[in-house]
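**Q** no letters, just coordinates:
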């Protein structure tokens, strides 16, 4: 019995596990199965057409305007078809009640589409009939979300919806009581307008996310997933702990195109986990490596599990800026994970696979040159494009399309010179390492769609939806033609049969992409109820006050509280829904509390903080779906796998706290040279932190060495903390000297001003740290006018009058009562001092690191009596 429990699942069982989570456990054959597949195909075709430049010419305007309703209708219909409602429900057929839920849910989702004119004529306000249909729509949505996402999302949405209706009850505490809403008002907000279910989150799912999920599904169907894994294994498999290192890099590559951590685990894990066990990793450690690397795939741009697109809307910055800020933490997190694997392999002296000479530095240099070359290639594409546009401005698009086609045909011809890649058997008696010089040719053309995607996003700065459309359009062409072209170049004949195979691959890929979107669409729609509740009731401010009370105004405690909340919610919510919920409730609180603590926290930093802890829920026991999937592959214990994976993911837990206090890590307001320095220092810092948490650097670390390594890592990540102790970062002025400080500060500089006064709601005294950007102006009076500040000096005190409406500070100071008995006044003024560069702290930190390295090197060369390995 024990032996049976430890057996890993078969390939078919693993695919059923992925299907049950990502695309639905029900598989129906026959005419009904074909019909369901056609509906999924129609959804993909609609989304591709919607994102295309010709959408205004081929789709009716009312269909474009109501695309969110159509998007949700497809999701609800397919959820009823693909996901059984009960555990005992049939898996091979669709019962009668699911047909009712599918058709009814789709109709109710499109209510706004069918009755658009009526709703517009009513000014967007629901009448009694609208309210009844909206309430029914919410019920059908909850049923679809329950079957697809589980009960937690539904329960959470019901709690918030209950607050909308019963928040005025005397049973509700005074602190969170509100006026309440009628059924018509609530349903109008939640279902008829774009404030609730059909709000920003579902709009992002409709416009951007579907195309990227479809792009990933098609790229995987074309064979890119197997190509990336083979390349990673060929590059790293010969090193000590090579299969684990290949798992990390392979998961990073597949994470670029997949938003599902469970799919990542099963895709790469079925090959890498058995090999990891073969070289000495326990079942739990092998599964944990795969979990940590696969979950981290969601923090790797450009897809980021759909969160990147939501951040564009919530933060109000461009998509390019979002992925720029997210890039460095993701990269150094993966570098640290490779180092974790290396230390595990060194500690236990794991054997290598194959007979290739293991040269880690040559491997690192080769991988660095590959990624730099790929980045340079993406960047350099703008030059031939600009030449073509200059030569033939009218027909440039057609010329470029022909050139891309020729490049594609040439790369397929190169691929045809070598055999197609077949998945390896990790349990074979002799495992042969792939040879990079022999296999790299077989999939070079897979890089073309990625280059097109990066070009349109980063160079042309097109919208994510349009960029994904052109990359997906190229993938459609690749899937249709790759097999036929290879057969032609190899002289194999049967071109027609290969075209049919390509067409079938294309159709299956589009169906898979649609089924993978069901959960994301329903998650964003259901999360819209929570967002709608916050905007309708103002509960967000109440939550802010409550969390501030719990944290005692301490920013660190607040961040820990938000992290725990994200982990708890993430146990029952998909990452995207978790991010929407927590960011809606907590982001503003963190920013405000940071301001009160004297720390200006950029909005993107808090959003990334919430997102990082949301994905950690896929790792953390007792739920940790990715850990259960890895345990199913490895045959290990799921809870122990999750615990080890969480330990391996400590750097993912630490990084969000780092970039809250050191925004250089997010490449905010840094130059190119500063960015390169930040990358180098951050990489060293994360490796040192990893060595400390693993208890091993060059050899086993002693306790004081571990503590010293943690201090070094902290100094590299937060040099300003130590520099502020050596030399104050600010000069303090008396409040009465505020005008003098404002006049002396350079334009564009920052003054930190502490405002004290009665709160508008509670009349209790509170402090607020205001970071004032010094405007242009010849003297203090002009600068005060530009800021909108009204000063009333009284001796040593600097009293503030209510600022001018619409001025830069009016909104920030709106929470003060300027007409109470106690005045609002400036109590402290701080101007930046001429402080030494904080980077000087790196010198003693690196010297301490060198001392530890020297001591450990000597100890490693001379094994101790305790049997410490050399």
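**A** Perfect, I can see it now. Here the structure is a predicted model, which is why all the values come from computation and not from measurement.
**Q** ok, and what's touching stretch 844-858?
**A** For stretch 844-858, contacts defined as Cβ atoms under 8 Å, 6 or more residues apart in numbering pick out 684, 688, 697-699, 701, 705, 708-709, 711-712, 715-716, 719. To be clear about C-beta, it is placed using only N, CA and C from the backbone, and glycine gets the same treatment.
**Q** again, but for stretch 54-68
**A** 49-50, 52, 70, 110, 112-113, 116, 194, 198, 202-203, 206-207.
**Q** lowest-confidence one in these?
**A** Scanning the contacts of stretch 54-68 for pLDDT, the low point is residue 116. It has 78.
**Q** can you get me a residue count around it?
**A** Residues contacting residue 116 under the criterion other Cβ atoms under 10 Å number 15.
**Q** which residues touch it?
**A** Contacts of residue 116 by Cβ under 8 Å, 6+ apart are 62, 65, 66.
**Q** ok, residue 730 touching residue 830?
**A** Yes. Using Cβ atoms under 8 Å, residue 730 is in contact with residue 830, at 3.9 Å.
**Q** related to what we said a few turns ago, ok, and the most crowded of the contacts of residue 116?
**A** Within the contacts of residue 116, most neighbours by other Cβ under 10 Å means residue 66, with 18 neighbours.
**Q** out of the contacts of stretch 844-858, which are buried?
**A** Buried by 16 or more other Cβ atoms under 10 Å: 684, 688, 697-699, 701, 705, 708-709, 711-712, 715-716, 719, out of the contacts of stretch 844-858.
**Q** which of those fall in helices?
**A** Judged by DSSP state H, the subset of the buried ones among the contacts of stretch 844-858 located in helices is 684, 688, 705, 708, 709, 711, 712, 715, 716, 719.
**Q** max pairwise distance over those: which two?
**A** Using Cβ to Cβ, these reach their maximum pairwise distance at 705 and 719, which is 21.2 Å.
**Q** so residue 826 belongs to a strand, correct?
**A** Yes. Counting by DSSP: H, G, I helix; E, B strand; the rest coil, one finds residue 826 located in a strand.
**Q** hey, where'd the strands end up in the chain?
**A** Here the chain has its strands, by DSSP state E, at 730-733, 750-758, 765-773, 790-794, 797-801, 824-832.
**Q** considering those, which stretch scores lowest in mean pLDDT?
**A** Looking at the strands of the chain, the lowest mean pLDDT belongs to strand 765-773 (a mean of 80).
**Q** what's the local residue count around residue 247?
**A** Residue 247, neighbours per other Cβ under 10 Å, totals 33.
**Q** quick check: it touching residue 269?
**A** Yes. Using Cβ under 8 Å, residue 247 is in contact with residue 269, at 7.3 Å.
**Q** any idea how many residues pack against the closest residue in space to residue 523 that isn't next to it in sequence?
**A** Among residues not flanking residue 523 along the chain, residue 577 sits closest, at 3.8 Å (Cβ to Cβ, 6 or more residues apart in numbering). Residue 577 has 31 neighbouring residues, counting by other Cβ under 10 Å.
**Q** and residue 577, how far is that from residue 205?
**A** Distance of residue 577 to residue 205, computed by Cβ to Cβ, to the nearest Å: 11 Å.
**Q** hey, what's in contact with both of the two?
**A** By Cβ under 8 Å, 6+ apart, the residues touching both residue 577 and residue 205 are residue 524.
**Q** and residue 99, what's its pLDDT?
**A** pLDDT for residue 99: 94.
**Q** residues contacting it?
**A** Residues counted as contacts of residue 99 (Cβ under 8 Å, 6+ apart) are residue 80.
**Q** touching both of residue 247 and residue 269, which residues are there?
**A** Taking Cβ under 8 Å, 6+ apart as the contact rule, residue 247 and residue 269 both touch residue 290.
**Q** gap between residue 630 and residue 343?
**A** Distance, residue 630 to residue 343, by Cβ to Cβ: 20 Å.
**Q** I misspoke; the intended subject was residue 324.
**A** According to Cβ to Cβ, residue 324 and residue 343 sit 30 Å apart.
**Q** likewise residue 365?
**A** Using Cβ to Cβ, residue 365 is found at 21 Å from residue 343.
**Q** okay, these two: which has more neighbours?
**A** Set side by side, residue 365 and residue 343 show more neighbours around residue 343, with 19 against 11, by other Cβ under 10 Å.
**Q** next step: the contacts of residue 116 restricted to helices.
**A** Secondary structure from DSSP H places 62, 65 of the contacts of residue 116 in helices.
**Q** turn the contacts of residue 116 into JSON lines, including pLDDT and distance to residue 759.
**A** Formatted as JSON lines, the contacts of residue 116 follow (pLDDT from 0 to 100; distance: Cβ to Cβ, whole Å):
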{"residue": "62", "pLDDT": "84", "distance to residue 759": "48"}
{"residue": "65", "pLDDT": "87", "distance to residue 759": "43"}
{"residue": "66", "pLDDT": "88", "distance to residue 759": "43"}
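**Q** closest to residue 726 out of the contacts of residue 116?
**A** Nearest to residue 726 among the contacts of residue 116: residue 65, at 59.9 Å, using Cβ to Cβ.
**Q** from residue 525, how far off is that closest one?
**A** In this view, residue 65 and residue 525 are 18 Å apart by Cβ to Cβ.
**Q** and for residue 140?
**A** Separation of residue 140 from residue 525 (Cβ to Cβ): 11 Å.
**Q** and residue 419, by the same measure?
**A** Noted for residue 419: a distance of 46 Å to residue 525, by Cβ to Cβ.
**Q** neighbour-wise, which of the two wins?
**A** Taking neighbours as other Cβ under 10 Å, residue 419 and residue 525 compare with residue 525 leading, 27 against 11.
**Q** quick check, the more buried one in contact with residue 202.
**A** Yes. In this structure residue 525 lies within contact range of residue 202 using Cβ under 8 Å: 5.0 Å.
**Q** which elements pack onto the longest helix along the chain?
**A** The helix that spans the most residues within the chain, counting by DSSP H, is helix 495-537. In this structure, helix 495-537 packs against helix 30-51, helix 67-82, helix 128-149, helix 151-166, helix 200-204, helix 210-222, helix 464-490, helix 575-596, with contacts taken as 3 or more Cβ pairs under 8 Å, 6 or more residues apart in numbering; DSSP states H and E.
**Q** centre of the chain to the first one, how far?
**A** This means helix 30-51. Centre-to-centre, helix 30-51 and its host chain are 27 Å apart (Cα atoms, centre = their mean, to the nearest Å).
**Q** buried residues, that helix. List them.
**A** For helix 30-51, the neighbour count (16+ other Cβ under 10 Å) marks 33, 36-37, 39-41, 43-44, 46-48, 50-51 as buried.
**Q** ok, and what's touching it?
**A** For helix 30-51, contacts defined as Cβ under 8 Å, 6+ apart pick out 27-28, 55, 58-59, 64, 67, 70-71, 74, 77-78, 81-82, 93-94, 206-207, 210-211, 214, 465-466, 468-469, 472-473, 507, 510-511, 513-515, 517.
**Q** from what I can see residue 106 touches residue 71, true?
**A** No. If you go by Cβ under 8 Å, residue 106 and residue 71 don't touch, sitting 11.1 Å apart.
**Q** check contacts around residue 421.
**A** Counting by Cβ under 8 Å, 6+ apart, the residues that residue 421 touches are 223, 226, 227, 230, 439, 442, 443.
**Q** out of those, which is nearest to residue 155?
**A** Nearest to residue 155 out of the contacts of residue 421 is residue 226 (Cβ to Cβ; 40.0 Å).
**Q** surely the closest one and residue 434 touch.
**A** No. Applying Cβ under 8 Å, one finds residue 226 not in contact with residue 434, separated by 10.6 Å.
**Q** ok, which pair from the buried ones among the contacts of stretch 844-858 is furthest apart?
**A** Farthest pair in the buried ones among the contacts of stretch 844-858 (Cβ to Cβ) is 699 and 719. Separation: 27.9 Å.
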